[in-house]
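Novice: What shape does this take:
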Amino acid sequence: MKVSLALAAALVLVSAGRSAAQEAIEPDRPDVTNGTHIVGTGLLQIEFGGLFTRNDPTLSAFGSPFTARVGLTEWIEARVGTDGLLTQADDNGRVVGFGNVQVGAKLRLWADPGGIPVLSILPTINIPTASADKGLGSGQADYTIAVLTGSDIGRHVHADVNYGIGAIGSGDERARFVQHLASISVSDAISDNWNPYVEVFWFSRQDIGGSSLTSIDAGAIYQIGARYAVDGGIQFGATANAPRFAAFGGLSMIVGDVLGQQGAVARQRTAEARAARASSRK
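Specialist: Numbering: from 1, shown residues only. Alright, predicted model coming up:
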């Protein structure tokens, strides 16, 4: 239900913002690795989907992640997200509840002249809105920061690399533990629309007494014009303690200029209107 309401709200915003000039959409979903790209100034980008995970024949889970990203300036975007509606099922039954909420910002540290950022950072606070009693969350806030970089390889291939570190809540009012993340995602723009990728990611641990885990996933992003992109893929655990299998899919969209006359898109439209008026006077 929550995903449906979010979709309806997004479609309303799309209708309201159709006249805005656009840059091509570059979603951070669906892989774990985030790109260095920052949403254009003044634009609102929404990314949402579904994720089914099976740890073993008796344990499965479903989540409906949702993220909204707003470009504030050329060097920073603000973002808020949620794990969405969560379900977990095992031999003891099924639990359902709302997931955690994430608040963060992506900051560009370095970019090629006139090009995309080469180095960005992404600090995030994970707010514990998921029920600890149901086992959907720890009941404690998490604090993470990730360093993002990437590079083109030849004409069509692109690689993104992330390193993250965080203080993760362990539950039961125990001390937080340190978690490290390393990931690499390689994509190939085989056409103007299709962008398949493969990714490997590693977590040092997922709980206070756990060990490291590695997973591999592969999928594709299909871009529909400049505003929309759909994605899908599958994931497999490369170590025994990683989820055995996961499948995911989703939609990303740019829904227009939300900063009024403060956004770069609005300034571009104003400049174009002035140029048109000047030309008409000649």
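
Novice: Following element in sequence after the least confident helix or strand in the chain by mean pLDDT, please.
Specialist: Every helix and strand in the chain was compared by mean pLDDT, DSSP states H and E; the lowest is helix 2-16, with a mean of 40. Next in sequence after helix 2-16, counting helices and strands by DSSP states H and E, comes strand 43-56.

Novice: quick one: strands adjacent to that next one?
Specialist: Within its sheet, and counting by DSSP bridges, strand 43-56 is paired with strand 59-63 (antiparallel), strand 66-73 (antiparallel), strand 245-257 (antiparallel).

Novice: you'd agree Asp90 is up against Pro57?
Specialist: No. Asp90 lies out of contact with Pro57 (Cβ atoms under 8 Å); the separation is 10.3 Å. Where C-beta positions appear, they are placed from N, C-alpha and C, glycine not excepted.

Novice: quick one, which of the two is more surrounded?
Specialist: More neighbours surround Asp90 than the other of Asp90 and Pro57, with 14 against 7 (other Cβ atoms under 10 Å).

Novice: got a pLDDT number for the more buried one?
Specialist: Note for Asp90: predicted pLDDT of 91.

Novice: ok, now which ones touch it?
Specialist: The contact partners of Asp90, by Cβ atoms under 8 Å, 6 or more residues apart in numbering, come to Thr58, Leu59, Ser60.

Novice: try it again with 7 Å
Specialist: Asp90 makes contact with Thr58, Leu59 under the criterion Cβ atoms under 7 Å, 6 or more residues apart in numbering.

Novice: Neighbouring strands of whichever strand or helix holds Thr87 in the sheet, and parallel or not?
Specialist: Under the criterion of DSSP H and E, Thr87 resides in strand 85-90. Looking at strand 85-90 with DSSP bridges, its partner strands are strand 59-63 (antiparallel), strand 93-98 (antiparallel).

Novice: Just tell me which of the ones you listed ends up closest to Arg205.
Specialist: Nearest to Arg205, of all those, is strand 59-63, at 18.6 Å by Cβ to Cβ.

Novice: Most tightly packed of the strands paired with strand 85-90?
Specialist: strand 59-63 (a mean of 18; mean count of other Cβ atoms under 10 Å).

Novice: how much space between the closest residue to Ser212 other than its chain neighbours and Arg108?
Specialist: Using Cβ to Cβ, 6 or more residues apart in numbering and skipping the chain neighbours, the partner closest in space to Ser212 is Ser204 (5.2 Å). The gap separating Ser204 from Arg108 is 27 Å, by Cβ to Cβ, to the nearest Å.

Novice: Between these two, tell me which one has more neighbours.
Specialist: Set Ser204 next to Arg108 and count neighbours by other Cβ under 10 Å: Arg108 wins out with 20 against 17.

Novice: In the helix or strand where the more buried one lies, which residues are buried?
Specialist: Arg108 is part of strand 101-111, with elements assigned from DSSP H and E. Residues of strand 101-111 classed as buried: Val101, Gln102, Gly104, Ala105, Lys106, Leu107, Arg108, Ala111 (neighbour count, 16 or more other Cβ atoms under 10 Å).

Novice: ditto for stretch 109-125
Specialist: Ala111, Ile116, Pro117, Ser120, Ile121, Leu122, Thr124.

Novice: go on, stretch 218-228?
Specialist: In terms of neighbour count (16+ other Cβ under 10 Å), stretch 218-228 has its buried residues at Gly219, Ala220, Ile221, Gln223, Arg227.

Novice: can you redo the residues you listed as a markdown table with pLDDT, secondary structure and distance to Gly50?
Specialist: Converted to a markdown table, those look like this (pLDDT from 0 to 100; DSSP: H, G, I helix; E, B strand; the rest coil; distance: Cβ to Cβ, whole Å):
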| residue | pLDDT | secondary structure | distance to Gly50 |
| --- | --- | --- | --- |
| Gly219 | 97 | strand | 13 |
| Ala220 | 97 | strand | 16 |
| Ile221 | 97 | strand | 16 |
| Gln223 | 95 | strand | 20 |
| Arg227 | 92 | coil | 21 |
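
Novice: Nearest to Trp75 among the residues you listed?
Specialist: Once Cβ to Cβ is applied, the member of these that ends up nearest Trp75 is Arg227, at 23.3 Å.
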